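Peer 1: Show me how the following folds:
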Amino acid sequence: MLQAQELTWRNPLTEKVIQGRSKEVLESDGFARLPLALKESVREPVWNLGNQSAGVYIDFKTAAEEITVKYQVKGALNMPHMPSTGVSGLDLYAKDPQDNSWKWAHGGYSFKDTITYTFKNLGSHPSYEYRLYLPMYNKVEWMEIGTSSAEPISFLKSEGKPIVVYGTSIAQGACATRPGLGWTNILGRNFEQEVINLAFSGNGRLEQPILDLINKVDASVYILDCIPNLGLTKDRDAAKLKALIEHAVEFLRKDHPTTPIIMAEHSSSEVPGILNGKPNDNFKESSRIGRETIDGLKKKGVKNLYWLSSEDIGLDIDNTVDYAHPNDIGMEKIAKAYKELLRKVLR
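Peer 2: Next comes the predicted model:
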């Protein structure tokens, strides 16, 4: 085993290699997904969630047979329905350029004041393109990546227009057991371009400051997966929900007249066989309104506008940890449904 003093440590912030977020976010903003300039414009819950590193990742090459990552997080290590490995942990994958297949590396971890992940016995693969996923539900305070001095790291950057996702807790990653199994991260391993995760647990509400941020991204596609946080309330009736969806689509269309826009139904809104199905009634109604609104916009002539239904996703009673949040199998199904649609949309 390599001793600590034999390692060369690299700081991904000073290397300017953070991916999975808008270019509006600077290294001075840490590992967050929202730029400091938005702090006074968004609600406090959105700001706090935007400081969590969901979907943020680092690509690099190295011939090292062992990789160590140490870092600190600010929040609780886990949640009642989501383990420390998903809330606060890392995940390491590697793509073999010969056949574009992805490999996965199990990491030994220690969740203490300073969290340490050690990936051992990797073999030497100088041509592999490694991808290190950061925690999905915690704020990373600092991070260093260590390899032996003889086997340095060279960092990589994705090319092309990114896929932008604006969503809720499900898109943020709840409740995958580790970061690589969040559906946006699974999706990213199926496409060459960067995926930008702008999902905020309980707070994906098509709000103007986030739409403004998204609008600044020259994306290959915009995914609006906010229906799970847009249930009908005393302050949001059907008419207001319809107006909110129409505004989001029309706002993005002004500066991006041909970029595909996808809106999705709540993935759990039509899961058959749930005995206590009452919580899903509101999801079904908001999903129905969303579908009708998108259909109405298309009839008005809005082009490149798509709807992803819960039937397309196909969750069943074994795919969630509760009535809404997918487990790892559910995440895979969501990612597959998006992948199939995006293969058609991005041709």
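Peer 1: Please determine how far residue 85 is located from residue 180.
Peer 2: For residue 85, the distance to residue 180 (Cβ to Cβ, to the nearest Å) stands at 10 Å. Backbone N, C-alpha and C define where each C-beta goes, glycine included.
Peer 1: Neighbour count: these two, which is higher?
Peer 2: Neighbours around residue 85 and residue 180, counted as other Cβ atoms under 10 Å, are more numerous at residue 180. The numbers are 26 against 22.
Peer 1: Identify the nearest residue to residue 332 in space, disregarding sequence-adjacent positions?
Peer 2: When the adjacent residues along the chain are set aside, residue 332 lies closest to residue 186, with 6.5 Å between them (Cβ to Cβ, 6 or more residues apart in numbering).
Peer 1: The one you found contacts residue 180, doesn't it?
Peer 2: Yes. Using Cβ atoms under 8 Å, residue 186 is in contact with residue 180, at 7.4 Å.
Peer 1: List the buried residues for the lengthiest helix in the chain?
Peer 2: The helix spanning the most residues in the chain, taking DSSP state H as the definition, is helix 280-299. When neighbours are counted by 16 or more other Cβ atoms under 10 Å, the buried residues of helix 280-299 are found to be 280, 282-284, 286-287, 289-291, 293-294, 297.
Peer 1: how far does the helix or strand containing the residue nearest to residue 332 sit from the chain's center?
Peer 2: Under the criterion of DSSP states H and E, residue 186 resides in helix 183-188. Going by Cα atoms, centre = their mean, to the nearest Å, the spacing between the C-alpha centre of helix 183-188 and its chain's C-alpha centre is 7 Å.
Peer 1: immediately after that helix, which helix or strand?
Peer 2: As assigned by DSSP H and E, the chain's next helix or strand after helix 183-188 is strand 195-199.
Peer 1: residue ranges of the helices in the stretch 151-300 of the chain, please?
Peer 2: Counting by DSSP state H, counting those that start in this stretch, the stretch 151-300 of the chain has these helices, from start to end: 169-172, 183-188, 208-215, 238-255, 280-299.
Peer 1: ugh, typo on my part, it should be the stretch 1-150 of the chain
Peer 2: Taking DSSP H, counting those that start in this stretch as the test, the helices found in the stretch 1-150 of the chain are 44-50, 84-87.
Peer 1: Go through these and pick out the most buried.
Peer 2: Among the helices of the stretch 1-150 of the chain, ranked by average contacts under mean count of other Cβ atoms under 10 Å, first place goes to helix 84-87 (a mean of 23).
Peer 1: What mean pLDDT does that helix get?
Peer 2: Over the span of helix 84-87, the pLDDT mean works out to 98.
Peer 1: Show me what that helix is packed against.
Peer 2: For helix 84-87, the packing partners by 3 or more Cβ pairs under 8 Å, 6 or more residues apart in numbering; DSSP states H and E come out as none at all, with no helix or strand in contact.
Peer 1: got a list of contacts for that helix?
Peer 2: 75-79, 109, 111, 135-138, 173, 175-179, 181 (Cβ atoms under 8 Å, 6 or more residues apart in numbering).
Peer 1: Quick one: closest of the helices of the stretch 151-300 of the chain to residue 337.
Peer 2: Closest to residue 337 of the helices of the stretch 151-300 of the chain, according to Cβ to Cβ: helix 183-188, at 9.1 Å.
Peer 1: Give the other helices and strands that that closest one contacts.
Peer 2: Using 3+ Cβ pairs under 8 Å, 6+ apart as the contact definition, the elements that helix 183-188 packs against are strand 163-167, helix 169-172, strand 195-199, helix 328-345.
Peer 1: Next one: residue 265 relative to residue 219, how far apart?
Peer 2: Taken as Cβ to Cβ, the span from residue 265 to residue 219 is 21 Å.
Peer 1: Also residue 324?
Peer 2: Remark: distance between residue 324 and residue 219 (Cβ to Cβ) = 27 Å.
Peer 1: Neighbour count: those two, which is higher?
Peer 2: With other Cβ under 10 Å as the criterion, residue 324 and residue 219 differ in neighbour count, and residue 219 comes out ahead with 23 against 20.
Peer 1: shouldn't that one be in contact with residue 258?
Peer 2: No. Using Cβ under 8 Å, residue 219 and residue 258 do not qualify as a contacting pair, with a distance of 11.5 Å.
Peer 1: Let me know how buried the residue nearest to residue 332 is, in neighbour terms.
Peer 2: A count of neighbours around residue 186, defined by other Cβ under 10 Å, yields 21.
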